[in-house]
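Novice: sequence and computational prediction follow.
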Amino acid sequence: MTLKELPTNPEFIHRYDRGSRFEKEGRHLHALQIYRQLMEDFPEEDFAVAALANLYEKMEKPELGIELLSEHLESKTDNHRLRLFAGHYFFRQNSWENTIDYLSAFSPEEDPLIAFYVGYSNYKLGKYELAKQYFLLFIRLNRENDFLLNAYIYLAKSYIYLDEYELALLYVKKAEEYFAGYYELFFLYARIYFYMGMYYTSLEAVEKAIKINATDPIVYEWGGKIAFHCGEIKKSLKYFQEYLNVGGEMNADFCSDFGMALLKNKNINAAKEHFELALQVEPEHEKAKHGLHLINTDYVVYER
């Protein structure tokens, strides 16, 4: 992104074009020197600031761009043009707090995409109630945007985290109107139906997701968890193993879930090993502690 309004000073334009040519040729240090000199000679002109920030991003040093923009906006708090540019820049760098700080000054009525950026930033920070409000605002303001599908998906995810499963289901169905057959939609259906206690419907959905995308570890992890709750232990073990085969991590939740499936299948030693692995990662993990308790008391037939 660049600033929309182009500079008008002929000398600035001439020197900026020279720096831009250097940048396109890959001569980044030459371009950097020109942009810095332009900032000194034309302190009132924001275009060089934006160009230098974008160059830092191209040089894989976006933290310098964040620092540059933050410094300039400290003394130019009412500069809405640069503030809007900075908000978009921070969003690209996953700087969620900064994105919210800088873009919240603008009305989404002016640019509906602001509502999506602020909503997504709140979502990444775990502020699901705020995320929900901004996604709803974005959907209300803009019905013809490439981000609309993502807004529906992240709105549904926010409702899942807020334990509002009927509303989550509503917005997954809305998303399906735009992109039927997308594997993440089936995965969201699986999670929602699981939380609603509809385990067999959940299993059907997660298996559709797996057929479409057989490389995502988290889909297999959920497949194993859901199959376990359906009492299909062999299938549960198969999905947990596939999770590992496609590069899933041995975190505490996975190890304890896999351990429970192994225990139910009477693979006592393997189950014990997985519970112990879970406790190495998270010493107070309740499911792992419960699984070891069942083994240590010789109680291996238990309720799910």
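Specialist: Perfect, thanks for sending it.
Novice: got any ranges where the protein has weak pLDDT?
Specialist: Confidence mapping of the chain against pLDDT under 70 gives the ranges 1-6, 76-78, 143, 298-304.
Novice: the domain parsing of it - what is it?
Specialist: 1-105, 107-179 (automatic domain parsing).
Novice: ends of the last one, what's the gap?
Specialist: Spelled out, that is domain 107-179. 29 Å (Cα to Cα, to the nearest Å).
Novice: find the centremost residue of this protein, please.
Specialist: Lys124 (6.0 Å; Cα atoms, centre = their mean).
Novice: right, and that residue touches Thr99 too?
Specialist: No - applying Cβ atoms under 8 Å, one finds Lys124 not in contact with Thr99, separated by 9.2 Å. C-beta: built from backbone N, CA, C; applies to glycine.
Novice: tell me the SS of Asp163?
Specialist: Following DSSP: H, G, I helix; E, B strand; the rest coil, Asp163 is assigned to coil.
Novice: and the gap between the nearest residue to it once chain neighbours are set aside and Ser104?
Specialist: Nearest in space to Asp163, with sequence neighbours left out and distances taken as Cβ to Cβ, 6 or more residues apart in numbering, is Tyr195 at 7.6 Å. According to Cβ to Cβ, to the nearest Å, Tyr195 and Ser104 sit 31 Å apart.
Novice: just how off-centre is stretch 227-243 within its chain?
Specialist: 27 Å (Cα atoms, centre = their mean, to the nearest Å).
Novice: can you check stretch 32-46 too?
Specialist: Centroid separation for stretch 32-46 versus its chain: 35 Å, with Cα atoms, centre = their mean.
Novice: mind listing residues that contact that stretch?
Specialist: The contact list for stretch 32-46 (Cβ atoms under 8 Å, 6 or more residues apart in numbering) reads 3, 7, 9, 12, 15-16, 18-19, 22, 48-49, 51-52, 55, 72, 76, 79, 81-82, 85.
Novice: please repeat the previous calculation with a cut-off of 10 Å.
Specialist: For stretch 32-46, the external contacting residues (Cβ atoms under 10 Å, 6 or more residues apart in numbering) are 3, 5, 7-9, 11-12, 15-23, 27, 47-56, 59, 68-69, 72, 75-76, 79, 81-83, 85.
Novice: report the buried members of those.
Specialist: Neighbour counting with 16 or more other Cβ atoms under 10 Å marks 3, 7, 12, 15-16, 19, 22-23, 47-56, 68-69, 72, 82-83, 85 as buried within these.
Novice: for stretch 249-261, buried residues please.
Specialist: Neighbour counts using 16+ other Cβ under 10 Å place 252, 254-261 of stretch 249-261 among the buried residues.
Novice: same question, stretch 121-134
Specialist: The neighbour-count check on stretch 121-134 (16+ other Cβ under 10 Å) flags 121-123, 127-128, 130-134 as buried.
Novice: how long is it from one end to the other?
Specialist: End-to-end distance for stretch 121-134, by Cα to Cα: 10 Å.
Novice: ok, Phe186 - how many residues close by?
Specialist: By other Cβ atoms under 10 Å, 22 other residues sit near Phe186.
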